[in-house]
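**Q** sequence unavailable; structure follows:
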């Protein structure tokens, strides 16, 4: 039996494998390969795909799974923490873009309603491509990654009111006020359902499913939650992608979100590839080749205008210049939701065929360029910052919050902590308890304001800027710890710190061990990778339990770290240093004498004959706050004593039963 869709999927996958493989050898992003695949096999290319609409349906599944995973990797608390960027930053970005684009289009001689609609189209960016690229580069939790996510969330929300406004500006509205009221009511209901589900229902459901130990059931429940909530939000008039994101947030509040993410990831990768291929198939090659100069000029204008507007929106929120620029460069493209909106515009005669082809060409080219721009965004931002410094403009980007009373203090021989997350705050507490002078640099304005009220020596600022490092008297510091999650910013800060001093002790925290070598090469003295340092701590406790000498444990830890954690990566076979098998039965543990009566209480140890009768030795007794280490035969066991005993595991268990 011939199945046309199966044939199309096979063609799509074969071409994708070949093109992506070639691009991977060239170290280019896979997203580019999927987009090029769509262009080649699409209607204007080799025209190999027949069931285009069904492929587009599969692509929508990919967008749903992408937003679902991103939602699971965040949490409602994290989302609340960026609410200002979502609503203020998002509103400014969309509003200014609509205004500027609309005015340009209007002055070109088009009607005002078509101008407003074109402004709608160009205000939207690509949620799928931007978040996928940032996620692949582990920048989704970086400041510019969070800002991009926040603005994209607002765009996904605002696209629905835009669709409702289209009939109004086209002069074909029925009852737009009632539609808006209905949308607001439905949105409020969705928010309530999200909160209740995340707090009370889903964690209990996931726990009950996890107890069954059925991977199949766990997968089915996870997928069902994703599509059910996406369907409900779609029925409420919101987008499927927004619903999937909400579903991910709900699941993120349970302790099973990491397992759910690992199960969904393979499906997400497959279906998002369909999405990018389907986008590439939209490009009309004949129109594109005959209008290349105009299209490329429009892409350049869109790049400059949208990046600038987004940067202005983020700058108004008082983020540092580097974060402002990286966010702006991330969101310069025209996104996939604009394609959906364009169909509505064509339906209401707000977009003619020629303008639509220009729009599609500019959108797809900007999408193709997005991964490259994000990859080189750090260099572009650094170049811009360098020029602004020469022109004396860099200080204008620093908010008043970056100046602190420490300017007048003579800090010397102190610790500089960059980043006040979990690691940074714990380090600050340790420094305070040890009477070590320190100062913190943090880019979250709310955190700085809150902690400064407590008297913490903290300033708001970007440590990649010379002025900020001068403010904390870096040249007189003794040590610097970089405790942030943004790898690109970390590398820039290392270079900046080393430009001040080559001898300053510099410790860097990173998420992945693969980043260690590069950070050390840039000038870090110590790099602590989270993924393997946890393994070191776990195995340290295991070795201690096996009574491996502390000196040998210290030597083991030092060897692992000096070898850049090669042992854990399976790249290095080490000689067997420890042979714990001979001492595996040499167990030491402690038991509490909680019972108020048993045959061991109130009698001298020499009468109990514990070694001969029960195969255990008492090594020590803790009585209230005193530790009795020299145990005499006349010593009497009392209720409440904690006894430290040695013996085989079976003898200890038997003795434990007797004293209970």
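**A** Nice, thanks for sending it over. Computed from a predicted structure; not experimentally measured.

**Q** can you name every helix or strand that the longest helix anywhere in the chain contacts?
**A** Secondary structure of the chain per DSSP state H: the longest helix is helix 143-169. Packed against helix 143-169 by the contact rule (3 or more Cβ pairs under 8 Å, 6 or more residues apart in numbering; DSSP states H and E) you find helix 90-107, helix 112-123, helix 127-136, helix 176-196, helix 240-252, helix 292-316, helix 321-330, helix 336-347. In this view, the C-beta of every residue, glycine as well, is placed from N, C-alpha and C.

**Q** show me what counts as buried in the longest one.
**A** Read that as helix 292-316. By 16 or more other Cβ atoms under 10 Å, the buried positions in helix 292-316 come out as 295, 298-299, 302-303, 305-307, 309-311, 313-315.

**Q** do the same with the second one
**A** Buried residues in helix 112-123, defined by neighbour count with 16+ other Cβ under 10 Å: 113-123.

**Q** ok, now which ones touch the closest residue to residue 610 other than its chain neighbours?
**A** Nearest residue to residue 610 in three dimensions, chain neighbours excluded: residue 616, at 5.4 Å (Cβ to Cβ, 6 or more residues apart in numbering). With contacts defined as Cβ atoms under 8 Å, 6 or more residues apart in numbering, residue 616 is in contact with 610, 645-647, 651-652, 655.

**Q** go with 6 Å
**A** By Cβ atoms under 6 Å, 6 or more residues apart in numbering, residue 616 lies in contact with 610, 645, 647, 651, 655.

**Q** how close does the nearest residue to the fourth one once chain neighbours are set aside get to residue 658?
**A** What it means is residue 651. Leaving aside its chain neighbours, residue 651 sits nearest to residue 615 (3.8 Å; criterion: Cβ to Cβ, 6+ apart). Plainly put, residue 615 is 12 Å away from residue 658 if you go by Cβ to Cβ, to the nearest Å.

**Q** neighbour count winner among those two?
**A** More crowded of residue 615 and residue 658, by other Cβ atoms under 10 Å: residue 615, with 15 against 11.

**Q** any idea how far the more buried one lies from residue 599?
**A** Distance from residue 615 to residue 599, by Cβ to Cβ: 17 Å.

**Q** how about residue 557?
**A** Separation of residue 557 from residue 599 (Cβ to Cβ): 45 Å.

**Q** out of these two, which sits in the busier spot?
**A** Higher neighbour count among residue 557 and residue 599: residue 557, with 16 against 9, using other Cβ under 10 Å.

**Q** point to the helix or strand of the chain where mean pLDDT is at its lowest.
**A** In the chain, the helix or strand scored least confidently by mean pLDDT, DSSP states H and E is helix 566-569, which has a mean of 57.

**Q** what are the ranges of the strands in the chain?
**A** 415-418, 438-442, 458-460, 479-482, 505-510, 526-529, 587-592, 616-623, 626-628, 642-647 (DSSP state E).

**Q** could you tell me the least trusted of these?
**A** Out of these, strand 587-592 stands lowest, with a mean of 77 (criterion: mean pLDDT).

**Q** give me the contacts around stretch 208-224.
**A** 256, 260, 263.

**Q** can you select the buried ones from these in ChimeraX?
**A** Buried residues within the contacts of stretch 208-224, by 16+ other Cβ under 10 Å, are selected in ChimeraX with:
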select :256,260
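
**Q** so this protein: which segments form each domain?
**A** As assigned by automatic domain parsing, the chain contains the domains 62-174+192-222+239-261+287-387, 398-524, 532-582, 585-659.

**Q** what's the closest of those to residue 24?
**A** Residue 24 lies closest to domain 62-174+192-222+239-261+287-387 among the domains of the chain, at 12.3 Å (Cβ to Cβ).

**Q** backbone phi and psi for residue 332, please?
**A** phi -80, psi -20 (degrees, to the nearest 10).

**Q** how about residue 637?
**A** The phi/psi pair for residue 637 (degrees, to the nearest 10) is phi -80, psi 140.

**Q** what residues does it make contact with?
**A** Residue 637 is in contact with 593, 600-601, counting by Cβ under 6 Å, 6+ apart.

**Q** and the buried residues of helix 292-316 as a markdown table, adding distance to residue 141 and pLDDT?
**A** What follows is the buried residues of helix 292-316, written out as a markdown table (distance: Cβ to Cβ, whole Å; pLDDT from 0 to 100):
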| residue | distance to residue 141 | pLDDT |
| --- | --- | --- |
| 295 | 35 | 93 |
| 298 | 33 | 93 |
| 299 | 30 | 94 |
| 302 | 28 | 94 |
| 303 | 26 | 95 |
| 305 | 28 | 94 |
| 306 | 24 | 95 |
| 307 | 22 | 94 |
| 309 | 24 | 95 |
| 310 | 19 | 94 |
| 311 | 20 | 93 |
| 313 | 20 | 93 |
| 314 | 17 | 91 |
| 315 | 21 | 90 |
